[in-house]
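Student: okay, predicted coordinates and the sequence, questions at the end:
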There are 2 protein chains.
Amino acid sequence: MTKIRRIQLNEREMPTQWYNIQADMPNPLLPLLHPGTKQPIQAADLEPLFARALIEQEVSTERYIDIPEEVQDLYRLYRPTPLHRAYNLEKMLDTPAKIYYKNESVSPPGSHKPNTAIPQAFYNYKEGVKKMTTETGAGQWGSALSFATNFFGIECKVFMVKVSYQQKPYRKSMMNLWNGSVIPSPSNETNAGRAFLAEDPNHPGSLGVAISEAIEVAATNEDTKYSLGSVLNHVLLHQTIIGLEAVKQLEMTGDFPDLVIGPFGGGSNFGGLSFPFLRYNFTEGKKTRCIAVESTSCPKLTKGKFEYDFGDTAGMTPLIPMYTLGHKFIPPAIHAGGLRYHGAGAIVSQLLKDKLIEARSVEQTESFEAAVTFARAEGMIPAPETSHAIAQAIKEAMIAREEGVAKTILFNFSGHGLLDMGAYDEYFAKNLQVQ
Amino acid sequence: MTKIRRIQLNEREMPTQWYNIQADMPNPLLPLLHPGTKQPIQAADLEPLFARALIEQEVSTERYIDIPEEVQDLYRLYRPTPLHRAYNLEKMLDTPAKIYYKNESVSPPGSHKPNTAIPQAFYNYKEGVKKMTTETGAGQWGSALSFATNFFGIECKVFMVKVSYQQKPYRKSMMNLWNGSVIPSPSNETNAGRAFLAEDPNHPGSLGVAISEAIEVAATNEDTKYSLGSVLNHVLLHQTIIGLEAVKQLEMTGDFPDLVIGPFGGGSNFGGLSFPFLRYNFTEGKKTRCIAVESTSCPKLTKGKFEYDFGDTAGMTPLIPMYTLGHKFIPPAIHAGGLRYHGAGAIVSQLLKDKLIEARSVEQTESFEAAVTFARAEGMIPAPETSHAIAQAIKEAMIAREEGVAKTILFNFSGHGLLDMGAYDEYFAKNLQVQ
């Protein structure tokens, strides 16, 4: 009997629409508020920052939104991505659980991030935008946007959190190769950056700080738009291609997940995988548990408050209704740079408030322990962010063993760790802080 | 019209036998000679170094050899690999040529090397071997063998060419993660290593030197066998899974290649892709041109002599009938570490002598120029070795443009360059030597 380790879709089976969970949420989202007036924000307020098509998607309640042909075509450079059955890991854990993972690491930048970088670059290109700015933590998002803008001849400027810039030098090389330019943040290029450096010349940076810098550049330059790699509704919308493929792939196995697990920074990979499964909870009475896994060093979902807060540290964005640690919160310099964000996207926050999803947190050393177990069992080397989902999946598989229940667990292998090998060295040398 | 960019086989379509070109070569191979007696070598002479199953494969003339179930199962962690149509590159080059590439970079170690590492580890495990030694250049092979031996509980010791050890530190981290141990070569652990260090304390190392060290450890320890990542017949045999899949995938497109191109170090990825196509030249009168692409800094095929020579620098291996620059040749410290080998495998050498394949050489800076073009067109970032095949494929596509002929070109995307980003930095900084 051949064990089928990877379930592949062919290119013609790739979904051609994204799934918009706003159509099915029991409680609608609270509006974003204008940072000055504190009144619900208007589309026109966002136009200096974002392409119009993206602003429309941000507030749309259409259930399915067509993926433009040009975006589908570039998706096909790496999509559909494989769904793996982790037989070796199951055996190593001696669990009756079936463990599946969706492998988003096969994209050229190595993560799920191009799923939204490509459509964001495309819509900006269609609207005549010549330059884009963004922030990046560990570098996954900055490299994805550089990769995507390069296809459309758009200049890309990436503010990279300084501590990650120092830890992961090859990410800069990658962005440069795809014609992106990279600036360690906080920088001297913006008022916001200069203010943070004045407070602390050795400021390690954070996603919130880098967002402030990138937004300032976009807001003050007419030919430049801003792009965010997580948190916002249109970003999560684009990422649903992950879960939509996984639904089709699991249908081919006859399994349906009891648990869907994603690492959690701002919500894009967790939402991307889980929303197409949550849909069945809303519309067909399924009871899939969807678990967002954050870092204990940045615990907005498990220890934050649900309130209106800024998306960036300097307070330039609209006020977002979300779970947050406060926009001034600067997390410790963990290697999972993509999880170092003070808040959670509005959709995920509303779902958590309504108890329709769950949240857990994982410590840094625990995440690396899980990563090493996984790499030795399945071969693939996970990114530090991804390792948080793996740690939770392993815990759930051990619970299944204790309970003697053959649960089906699906997690998002959101990115590989090939540019994070220095972090593994530090883990083996016992140089990592626990949290 | 959907452009099909990637042709996927499902797991059940993966070939279950390797193709042995020795069954079809017009002229048989000359025998290996014993280094002491200079007489044709006997199987018993090789048993201190290699598993018996591998020695049998080395001299077999069976046309097809079954892939053991256990090996097929581990292949399915990453195989079948995709075949890509490089539409973006074709458009950028404005060529009528169709360009395809077989993507071997999707394996966890990032190259084609596990295709032989897995069966080598398996056969050794079956024969009760507890430890294996090997050499590695850029680290692709050492990480593949660490990855493979880890599944079978075999200890793996890797002698890594010192210049690459320094250039590519993350390769060591990767091998460690998969439980491999790594020693920069030449080292103080062997007589051979100590002799090279006595000659030159700053010896940069070479594949030939590292082979001498790894062989010495295997020859002097009863529980230890040696493993080679290229050159030998059984290695090329295992790699034919690449070309066998590509034949099936191209059948699905209706195309057949006029040109098959692989980078050339010792022959494993070139042979792996091209032999299943050469078979049609021998048996069905096809005229596919197969081109091995070496580095101009290590030009054994284009400037070497066909003669009996040692496979290693210290002169411990059998004498191999091959194109060689002499076993004392130490190539310059180019980034394509996998191409820094003085000789060519016996099969490829015989085929070249018989004018059944062709050889070309590419300069280092030319290979990086091609790599950058490719990465900006197709997204994927090539390993420096792979970039040599890309450079040749681009040249052939430009010739096709001049001639106005819609040739079909297939090349082996043998590995990604994510652990070689430092080399790209040096290329952009214009710090690379031309050759």
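Tutor: Yep, it's here.
Student: ok, which stretches of the stretch 151-300 of chain A are strands?
Tutor: All strands of the stretch 151-300 of chain A, identified by DSSP state E, counting those that start in this stretch, fall at A:155-161, A:180-185, A:224-226, A:259-263, A:289-295.
Student: just the helices in the stretch 1-150 of chain A please.
Tutor: A:43-46, A:52-59, A:69-75, A:87-93, A:114-126, A:140-152 (DSSP state H, counting those that start in this stretch).
Student: could you export the ones you listed as CSV, including mean pLDDT, distance to chain B and mean neighbour count?
Tutor: In short, each C-beta sits where N, CA and C put it, glycine included. CSV is the format used below for these (pLDDT from 0 to 100; distance: least, Cβ to the nearest Cβ, whole Å; neighbours: other Cβ atoms under 10 Å in any protein chain shown):
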stretch, mean pLDDT, distance to chain B, mean neighbour count
helix A:43-46, 93, 30, 14
helix A:52-59, 97, 22, 19
helix A:69-75, 97, 6, 19
helix A:87-93, 97, 8, 18
helix A:114-126, 98, 8, 26
helix A:140-152, 97, 6, 29
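Student: ok, back up a step: looking at the strands of the stretch 151-300 of chain A, which is nearest to residue A:13?
Tutor: strand A:259-263 (20.7 Å; Cβ to Cβ).
Student: and that closest one, how far out from the chain's middle?
Tutor: Remark: strand A:259-263 is offset 12 Å from the chain centroid, using Cα atoms, centre = their mean, to the nearest Å.
Student: quick one, it and strand A:289-295 angle?
Tutor: Strand A:259-263 and strand A:289-295 are oriented at 20 degrees to each other (axes from the mean of the first three to the mean of the last three Cα atoms, to 10 degrees).
Student: mind listing what's buried in strand A:259-263?
Tutor: A:259, A:260, A:261, A:262, A:263 (16 or more other Cβ atoms under 10 Å in any protein chain shown).
Student: likewise stretch A:355-367?
Tutor: A:356, A:357, A:358, A:359, A:360, A:361, A:362, A:363, A:364, A:366, A:367.
Student: quick one: is it near chain B?
Tutor: No - using Cβ under 8 Å from any Cβ of the partner chain, we find that stretch A:355-367 stays clear of chain B, coming within 14.5 Å at best.
Student: what's next to that stretch, contact-wise?
Tutor: Residues outside stretch A:355-367 that contact it (Cβ atoms under 8 Å, 6 or more residues apart in numbering or on different chains): A:26, A:264, A:274, A:278, A:281, A:289-297, A:299, A:301-303, A:334-336, A:348, A:351-352, A:370, A:384, A:387-388, A:390-392, A:427, A:432-435.
Student: restricted to buried residues, select these in ChimeraX.
Tutor: In ChimeraX, a selection of the buried entries from those looks like this (16+ other Cβ under 10 Å):
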select /A:264,274,278,281,289,290,291,292,293,294,295,296,297,299,301,302,334,335,336,348,351,352,370,384,387,388,390,391,392,427,432,435
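Student: so which of the contacts of stretch A:355-367 sit within helices?
Tutor: A:274, A:278, A:281, A:301-303, A:348, A:351-352, A:370, A:384, A:387-388, A:390-392, A:427 (DSSP state H).
Student: what about the closest residue to residue A:383 other than its chain neighbours, how many residues nearby?
Tutor: Among residues not flanking residue A:383 along the chain, residue A:415 sits closest, at 3.8 Å (Cβ to Cβ, 6 or more residues apart in numbering or on different chains). Residues contacting residue A:415 under the criterion other Cβ atoms under 10 Å in any protein chain shown number 28.
Student: doesn't residue A:115 make contact with residue A:415?
Tutor: No - in this structure, residue A:415 is not within contact of residue A:115 by Cβ atoms under 8 Å, at 11.7 Å.
Student: secondary structure, pLDDT and distance to residue A:320 added to the buried residues of stretch A:355-367, as CSV?
Tutor: CSV is the format used below for those (DSSP: H, G, I helix; E, B strand; the rest coil; pLDDT from 0 to 100; distance: Cβ to Cβ, whole Å):
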residue, secondary structure, pLDDT, distance to residue A:320
A:356, coil, 98, 19
A:357, coil, 98, 18
A:358, strand, 98, 21
A:359, strand, 98, 17
A:360, strand, 98, 22
A:361, strand, 98, 21
A:362, strand, 98, 25
A:363, coil, 97, 27
A:364, helix, 96, 27
A:366, helix, 97, 29
A:367, helix, 98, 27
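Student: quick one: which of the residues you listed is nearest chain B?
Tutor: Within these, proximity to chain B (Cβ to the nearest Cβ) peaks at residue A:367, which comes in at 14.5 Å.
Student: for the closest residue to residue A:24 other than its chain neighbours, which residues are in contact?
Tutor: Once flanking residues are discounted, residue A:24 sits nearest to residue A:282: 4.4 Å by Cβ to Cβ, 6+ apart. Residue A:282 sits next to A:24, A:25, A:26 when contact means Cβ under 8 Å, 6+ apart.
Student: out of the strands of the stretch 151-300 of chain A, nearest to residue B:109?
Tutor: So among the strands of the stretch 151-300 of chain A, strand A:259-263 is nearest, using Cβ to Cβ, at 23.8 Å.
Student: any idea which element residue A:422 lies in?
Tutor: According to DSSP states H and E, residue A:422 maps onto helix A:421-428.
Student: that helix near chain B at all?
Tutor: Yes - contact between helix A:421-428 and chain B, assessed by Cβ under 8 Å from any Cβ, occurs at A:421, A:422, A:424, A:425, A:428.
Student: buried ones in that helix?
Tutor: Buried residues in helix A:421-428 (16+ other Cβ under 10 Å): A:421, A:422, A:423, A:424, A:425, A:426, A:427.
Student: got JSON lines for those, with distance to residue A:79 and pLDDT too?
Tutor: JSON lines is the format used below for the buried residues of helix A:421-428 (distance: Cβ to Cβ, whole Å; pLDDT from 0 to 100):
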{"residue": "A:421", "distance to residue A:79": "26", "pLDDT": "93"}
{"residue": "A:422", "distance to residue A:79": "29", "pLDDT": "91"}
{"residue": "A:423", "distance to residue A:79": "28", "pLDDT": "93"}
{"residue": "A:424", "distance to residue A:79": "28", "pLDDT": "96"}
{"residue": "A:425", "distance to residue A:79": "32", "pLDDT": "95"}
{"residue": "A:426", "distance to residue A:79": "33", "pLDDT": "94"}
{"residue": "A:427", "distance to residue A:79": "31", "pLDDT": "96"}
